[in-house]
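Student: below: sequence and its predicted model.
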Amino acid sequence: MHALLFFIDFFPLPLPPDMPKCKRSRSPSPSDAFSAEGVTNRIPSLQRPPITPRPMRSLPKKPLQTPGNKGASGQLNFAESYHRASVDVYVDEDLQTSRVFFPTDVFLHVLLGLPKDWESDEPMQSLITSIMKTTAYSKARAAFKHTCVGEVKHESQLYDDYIDMCNAATRTIAKKDGQKDTLWSYRQDHNALLGSSAKLTPDVMSVSEKLWKGSGNKKRTGHGPEYPIGWPQTQIVQDMKAGLRSLDRGSTCPYTIIGLDGLDPRDWNELVHAVEKAEEREGLSKDFSNNLRNARKRQLQSSPEDTRVTKRSKSHVPLHAIAASVGQAPVAPTIKASDDSGDRHSVSLQCARYALEVLSSAGFRSHSFGLLIGLNEIQILYYDRSIIAVSQPFQMVDLEVRYRTQCLTERRFVAVLISLQRATLAQRGIMEYLMPDPFLEVYRNYTEDMAKDPKTLFIGRQIKLQVNGKSVFVTLGRILMRQPGIIGRNTCVVEATSDAWPGKELVVKLSWPASSRVPENEFVDKITESVEAEGEAAAWVLDHIPTVLHSQDFPLPPDSPGSRLREYLAGPDVKFADDKAFDYELRVCRVSVQERLQRLDTLTKPEDYAQVLFDVLQVHRWIYDYPRIMHRDLSQGNIMWHVRKGRICGVLNDFDLSSYRGASGGSSKQRTGTRPYMAHELHDLDTNGDPPVHLYRHDLESIFYVIILLTCAYALGTELSDSGSYLHPVKSSPCRLWLSMTDTQLYDKKCVIITDLNGRSVPVPDDSFKGFNAWIKQLHARFEMGMTNKARARRAAARLDEEDMDVDDNPPAVVVFDEATLDGAVSYDSILGTMKTFGKDDSGKKRRLQMMYPISKKD
C-alpha cells in the first residue's frame with residue numbers, strides 16, 4: 001500500500017474527464033478544516049448532502065426563530081393589496097413550526113395575567129359569583145345551554161346567546177370596577193372587515209362599546225353590522241364552530257407544556273382530572289377513575305379514524321356522557337351536535353388568518369388574542385411575532401353535572417372575561433405607548449377617512465422619539481410597504497416628515513426584530529467609520545448605503561403578555577413534553593428614521609437596472625471586506641437607488657438581518673433572507689433543523705436570483721402601474737410561482753436550475769430585458785461549474801475512503817476543497833468579470849458599467 005501511494009503521489013494516474021485532480025495529504029493541518037469564513041473543507045467531512053431534489057421533509061426538531069426568514073413576513077415585500085392564497089402557505093408553516101400547546105391554568109396566569117390563586121381569591125370569586133347571578137348573564141347562559149344540548153345544525157345558532165353572555169359579564173365588571181368603557185361583542189358574520197384586501201368575515205368581534213354605540217349599529221339577529229367595522233377598530237377576534245372536533249387538542253402542536261400538576265394537557269382534556277378531583281371531594285368509589293379511563297379508551301377505539309390527529313385528540317366527549325357510560329353520574333341530555341364542524345387544521349389556519357390581519361392591518365399591534373368556541377367549549381389563542389400559543393380547551397357552560405369541579409370550568413370562563421375586560425390596551429396588544437390610537441373609540445375617524453385605502457392608515461399620526469436627549473415628533477404619511485405576517489419582523493415603511501430634519505424626504509421603518517439583534521444603524525455607523533479610516537479611495541461607498549438618521553427601540557412593557565411569557569419560558573418552572581423545548585425570542589418594536597430611497601422598479605431603462613445591480617455587487621463586497629459585515633438578505637426589495645452627483649447610484653438597503661463575519665450563534669444568526677432569493681442550500685436543513693453556515697457566495701447566488709426574478713417574472717413597461725412601478729408581471733412566467741413556494745419547493749426548483757449542465761431549465765428574460773440574457777447564462781455557468789466541482793470532490797473523497805478502509809496504520813487521505821468559492825468557480829472576481837459589461841452602447845461596443853471596486857481585499 002505504501003508503494004502504491006508513493007506511485008500515485010509522484011506519477012499521477014490519468015483520471016476520468018469529470019474527475020478533478022485531488023490533493024492528498026497524510027497529515028491534514030487545522031487550516032484544512034471548514035471554518036465560518038468558508039476557507040476550505042476536507043471531504044468527506046462536508047456536512048451538506050448531495051444536491052438532489054427530494055420529497056417533503058419532516059418538521060424540524062426545533063423552531064426556526066430567524067427574524068424575517070419564516071412566515072409571510074419573511075417573504076416578498078408584499079404590496080398592500082394581497083390575496084389570502086398569497087400568504088396561506090406561510091401562515092400554515094408558522095402553525096407547523098411555532099405553535100405551543102398550553103395547559104389552561106398556565107395560559108391564564110402567564111398570558112392573561114390571572115393570579116395563580118384566583119380559584120381561592122375571595123374578591124375574584126365574589127365577582128365571578130355576582131356576574132353569574134345577574135339576570136342578563138343567567139338568562140343568556142340558560143339559552144346557550146339549551147342550544148348546546150339540542151340539535152345544532154349551524155354555528156350561527158350559538159352566536160346571539162354567547163354574545164349576550166359576554167356582554168352581560170363585561171358590563172357588570174366595568175360597573176363594579178368603575179371603568180368608563182366596556183369590551184363589547186357583536187356579530188360580524190356576513191360582513192367583511194374593512195382595511196384589508198383579504199375580505200375576512202370573523203363570526204364575533206369585540207370592540208369598544210363607545211365605538212359600537214357611535215357607529216349607529218344595533219343588535220340584529222342573523223346579520224352582521226349595518227355600518228361596517230375596520231380591522232384597526234377591533235380588539236378581540238372570536239370564531240365559533242358547531243362541533244367539538246374543531247378545537248385544537250394539541251396532538252398536532254409541535255410543542256406542549258406540561259401543566260403545574262405535572263400532567264400532559266393533551267391527555268384526556270381534563271375529564272379524568274375533573275373526576276379524580278371529584279372523587280376526593282365527593283368520596284366516590286376509587287375504581288371510578290379506572291372505569292372512566294376504560295370507557296374513554298373504548299370510545300376512542302370506536303371513533304372514526306381521523307387521519308390528521310392522534311387518537312388522544314379524538315372528538316371530546318363531555319364528562320357527563322362518559323360518566324354515564326360507567327353508571328356513576330346523572331345523565332344530562334345527549335348532545336346531538338355535529339361531531340365535526342370542520343377540519344381542525346383548516347380552523348387553525350382560519351384563526352391564524354385573523355391574527356395576521358390584526359398584526360398587519362390594524363395599526364401598531366404587539367400581539368393578538370383570539371377565542372375559538374366549539375359548541376360549549378372554548379380555547380384561547382395568542383399570537384405574537386415569535387409564537388402561536390394555544391390553550392387547552394375547557395367548558396364554558398356546565399351541562400348539569402353535579403360535581404363542583406365542572407362548575408369550576410364555568411367559573412374559569414367568567415375569569416377569562418374578567419381578565420380581558422380589565423386588561424389595558426397595551427395588554428390587549430394595542431401600542432398606545434408608541435402612538436395614541438384615534439380609531440378605537442370614534443367610529444368615523446377610521447371608516448370615513450381611511451377605510452377605502454389601507455395605505456392611508458397612518459396619515460397625520462405622530463410618533464414621539466428621543467433624539468440626543470430631546471423629544472422629536474415625526475409625522476407619518478402613506479404606507480409605502482408592509483409585510484403581512486405572524487412570525488417574523490413584519491416590517492412596515494411609511495412616508496414621514498419632521499421639523500428635526502427639515503428639507504429631507506423621510507421614511508420611517510417599523511419592524512419587530514429579536515431584541516438581541518444588532519440594530520441597522522449600528523451597521524451603517526460601522527461602515528461609515530471604515531470609510532473614514534480608508535480615506536478618499538473609499539468615499540464612493542457612502543453613495544451606496546442608506547442614511548439612517550435615528551433608530552430607537554420600544555421594548556414591551558414589563559406587564560405585557562410577551563414579557564411574562566419570556567420570563568416564564570426562561571424560568572425553572574416550565575417543562576415541555578417529549579423533551580422538545582421551544583426557544584422563544586423576545587422582540588422589540590424598532591423605529592428607524594431614514595432618508596427616502598427609490599424602489600428598484602421605478603427605473604425605466606434596462607441599463608440603469610444593470611448599473612444599480614453592479615453597484616450593489618461592489619458595495620456589498622467592500623462592506624464584507626472592510627467592516628467585515630455580511631448582509632445576508634439580498635432581494636429585489638432591498639436593492640434601491642437615488643441620484644448622487646448626477647448619476648443613478650444603486651443602494652444596498654436593509655441591514656436588519658446582517659451580522660459581523662465570524663459571529664456565532666443559533667439558527668437565528670445563520671439562516672436569513674427573503675425566501676424566493678435565498679441561496680438554494682439555505683432552504684435545506686439538517687436533521688437537527690439547522691441551516692448551513694451563511695457564506696459570502698450565498699449572497700452572490702441571491703443576486704443571481706434577483707436578476708432572474710426581475711427580468712423573467714416582469715416586463716419593463718413605459719407607464720407606471722397603480723402601485724407606482726414600471727414593472728408589470730408576466731403572468732405566464734413560471735418564475736412567478738417562486739413568490740409563493742415553500743422552502744422544499746424552492747430547494748428542488750433551484751437545484752434543477754443550478755445543476756443543469758445544458759442550461760435548458762434556466763429561465764429566459766422577457767424581451768424588454770433581453771440584454772440580461774448574457775448575464776444569466778454566464779452566471780448560471782459559474783454556479784453550475786461550482787456545484788459540479790463540489791460533486792466531483794465528493795466522488796473523489798468517496799473513492800479515497802474505499803482505498804483507506806482497510807488501512808489502520810496511516811491517517812486517511814483527504815480531498816481539499818474550497819467551499820467558500822466552490823473551488824474558484826463562484827467568487828467576487830468571477831462574478832465581477834461577468835457583470836462589468838452590459839449590452840452594447842450606441843457605437844455597437846460593449847457597454848462598460850462604472851466600476852469602483854475592481855480588486856477585493858484578500859484576507
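Tutor: Yep, that arrived.
Student: show me what counts as buried in the longest strand along the chain.
Tutor: Assignment by DSSP state E gives strand 470-482 as the longest strand of the chain. Using 16 or more other Cβ atoms under 10 Å as the test for burial, strand 470-482 gives 472, 474-477, 479-482. Heads up, the C-betas are built off the backbone N, CA and C, glycines and all.
Student: would you mark the buried spots in stretch 549-568?
Tutor: If you call a residue buried by 16+ other Cβ under 10 Å, then stretch 549-568 has these buried ones: 549-552, 554, 556, 560-562, 564-566, 568.
Student: sorry, wrong one. I was asking about stretch 120-135.
Tutor: 124, 127-128, 131-132.
Student: ok, Trp501 - contacts?
Tutor: Going by Cβ atoms under 8 Å, 6 or more residues apart in numbering, Trp501 touches 549, 593.
Student: could you redo the last one with a cut-off of 6 Å?
Tutor: The contact partners of Trp501, by Cβ atoms under 6 Å, 6 or more residues apart in numbering, come to Leu549.
Student: same question, Lys116
Tutor: Per Cβ under 6 Å, 6+ apart, neighbours of Lys116: His109.
Student: now do 10 Å
Tutor: 105-106, 108-110, 260 (Cβ atoms under 10 Å, 6 or more residues apart in numbering).
Student: which of those residues count as buried?
Tutor: So, by 16+ other Cβ under 10 Å, the buried ones in the contacts of Lys116 are 105-106, 108-110.
Student: how about stretch 353-371 as CSV, C-alpha atoms only?
Tutor: Provided in CSV are the C-alpha atoms of stretch 353-371 (Å, rounded to 0.1, in the frame of the first residue of the first chain):
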residue,chain,number,x,y,z
ARG,A,353,-55.5,34.5,9.2
TYR,A,354,-57.5,36.7,11.5
ALA,A,355,-54.4,37.2,13.7
LEU,A,356,-52.3,38.0,10.6
GLU,A,357,-54.7,40.8,9.8
VAL,A,358,-54.7,42.2,13.4
LEU,A,359,-50.8,42.2,13.3
SER,A,360,-50.6,43.6,9.8
SER,A,361,-53.7,45.7,9.1
ALA,A,362,-54.8,47.1,12.4
GLY,A,363,-52.1,49.7,13.1
PHE,A,364,-49.4,49.2,15.7
ARG,A,365,-50.1,45.9,17.5
SER,A,366,-47.7,43.9,19.5
HIS,A,367,-49.8,40.8,19.7
SER,A,368,-53.3,39.5,19.2
PHE,A,369,-55.8,37.5,21.3
GLY,A,370,-58.4,35.2,19.8
LEU,A,371,-61.1,32.9,21.1
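Student: any regions of the stretch 301-450 of the chain where pLDDT drops low?
Tutor: Applying pLDDT under 70 to the stretch 301-450 of the chain picks out residues 301-342, 399-408.
Student: gap between stretch 557-575 and the chain center?
Tutor: 20 Å (Cα atoms, centre = their mean, to the nearest Å).
Student: could you say what helices and strands the longest strand of the chain packs with?
Tutor: Packing partners of strand 470-482 (3 or more Cβ pairs under 10 Å, 6 or more residues apart in numbering; DSSP states H and E): strand 462-467, strand 492-497, strand 506-511, strand 548-554, strand 589-595.
Student: next, the angle from it to strand 506-511.
Tutor: Orientation of strand 470-482 against strand 506-511 (axes from the mean of the first three to the mean of the last three Cα atoms, to 10 degrees) gives an angle of 80 degrees.
Student: same question for strand 470-482, mean pLDDT?
Tutor: Averaging pLDDT along strand 470-482 yields 94.
Student: ditto for stretch 626-639
Tutor: Here stretch 626-639 scores 95 as its mean pLDDT.
Student: what about Gly724, neighbour count?
Tutor: 11 (other Cβ atoms under 10 Å).
Student: report the contact partners of it.
Tutor: 79, 480, 599, 601-602.
Student: in strands, which of these appear?
Tutor: Reading strands off those with DSSP E, I get 480, 599.
Student: with distance to Gln350 added, can I get the contacts of Gly724 in JSON lines?
Tutor: Output for those, formatted as JSON lines (distance: Cβ to Cβ, whole Å):
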{"residue": "Ala79", "distance to Gln350": "23"}
{"residue": "Leu480", "distance to Gln350": "30"}
{"residue": "Arg599", "distance to Gln350": "33"}
{"residue": "Asp601", "distance to Gln350": "33"}
{"residue": "Thr602", "distance to Gln350": "37"}
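Student: nearest to Trp775, of the contacts of Gly724?
Tutor: Set against Trp775, the nearest of those by Cβ to Cβ is Asp601 (18.3 Å).
Student: now the closest one: how far from Leu709?
Tutor: Per Cβ to Cβ, to the nearest Å, Asp601 is found 11 Å from Leu709.
Student: joint contacts of these two?
Tutor: Contacts common to Asp601 and Leu709, judged by Cβ under 10 Å, 6+ apart, are Gln636.
Student: one step back: of the helices and strands packed on strand 470-482, give the one that comes closest to Leu720.
Tutor: strand 492-497 (17.2 Å).
Student: please name the strands paired to that closest one in the sheet, noting orientation.
Tutor: Strand pairing for strand 492-497, determined by DSSP bridges: strand 470-482 (antiparallel), strand 506-511 (antiparallel).
Student: got the angle for the first one vs strand 462-467?
Tutor: By that I understand strand 470-482. Using the same axes, to 10 degrees: strand 470-482 against strand 462-467 is 120 degrees.
Student: repeat for the shortest one
Tutor: Between the direction of strand 506-511 and that of strand 462-467, the angle (the same axes, to 10 degrees) works out to 90 degrees.
Student: check which element follows strand 506-511 along the chain.
Tutor: Toward the C-terminal end, the helix or strand that comes next after strand 506-511 (DSSP states H and E) is helix 520-534.
Student: might you list the low-confidence residue ranges for the stretch 1-150 of the chain?
Tutor: 1-86.
Student: hmm, back to that, now the helices and strands packed on strand 470-482 in a markdown table, please, with extra columns for distance to Val237 and mean pLDDT.
Tutor: Formatted as a markdown table, these follow (distance: least, Cβ to Cβ, whole Å; pLDDT from 0 to 100):
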| stretch | distance to Val237 | mean pLDDT |
| --- | --- | --- |
| strand 462-467 | 26 | 94 |
| strand 492-497 | 20 | 96 |
| strand 506-511 | 22 | 96 |
| strand 548-554 | 24 | 95 |
| strand 589-595 | 21 | 96 |
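Student: now those as a markdown table including distance to Pro438?
Tutor: Converted to a markdown table, these look like this (distance: least, Cβ to Cβ, whole Å):
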| stretch | distance to Pro438 |
| --- | --- |
| strand 462-467 | 11 |
| strand 492-497 | 16 |
| strand 506-511 | 18 |
| strand 548-554 | 19 |
| strand 589-595 | 19 |
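Student: between these, which one is closest to Arg848.
Tutor: strand 589-595 (29.7 Å).
Student: quickly run through the sheet partners of the closest one, with directions.
Tutor: By DSSP bridges, strand 589-595 pairs with strand 506-511 (antiparallel), strand 548-554 (antiparallel).
Student: so which of these is nearest Pro225?
Tutor: Distance to Pro225, taken as Cβ to Cβ, is lowest for strand 506-511 among the strands paired with strand 589-595, at 30.0 Å.
Student: so for the closest one, what gets flagged as buried?
Tutor: So, applying 16+ other Cβ under 10 Å, buried residues of strand 506-511: 506-511.
Student: now stretch 168-175
Tutor: Buried residues in stretch 168-175 (16+ other Cβ under 10 Å): 168-174.
Student: returning to what we had before: just the CA trace of the longest strand of the chain, in PDB.
Tutor: What follows is strand 470-482 as a C-alpha-only set of coordinates in PDB (Å, rounded to 0.1, in the frame of the first residue of the first chain):
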ATOM      1  CA  LYS A 470     -34.700  65.800  23.200                       C
ATOM      2  CA  SER A 471     -38.200  64.900  22.200                       C
ATOM      3  CA  VAL A 472     -38.800  64.800  18.500                       C
ATOM      4  CA  PHE A 473     -42.100  64.300  16.800                       C
ATOM      5  CA  VAL A 474     -42.300  62.600  13.400                       C
ATOM      6  CA  THR A 475     -45.500  62.900  11.400                       C
ATOM      7  CA  LEU A 476     -46.400  59.900   9.300                       C
ATOM      8  CA  GLY A 477     -47.800  59.700   5.800                       C
ATOM      9  CA  ARG A 478     -48.800  57.000   3.400                       C
ATOM     10  CA  ILE A 479     -47.700  53.400   3.800                       C
ATOM     11  CA  LEU A 480     -45.100  52.500   1.200                       C
ATOM     12  CA  MET A 481     -44.600  48.800   2.100                       C
ATOM     13  CA  ARG A 482     -45.900  46.400   4.700                       C
END
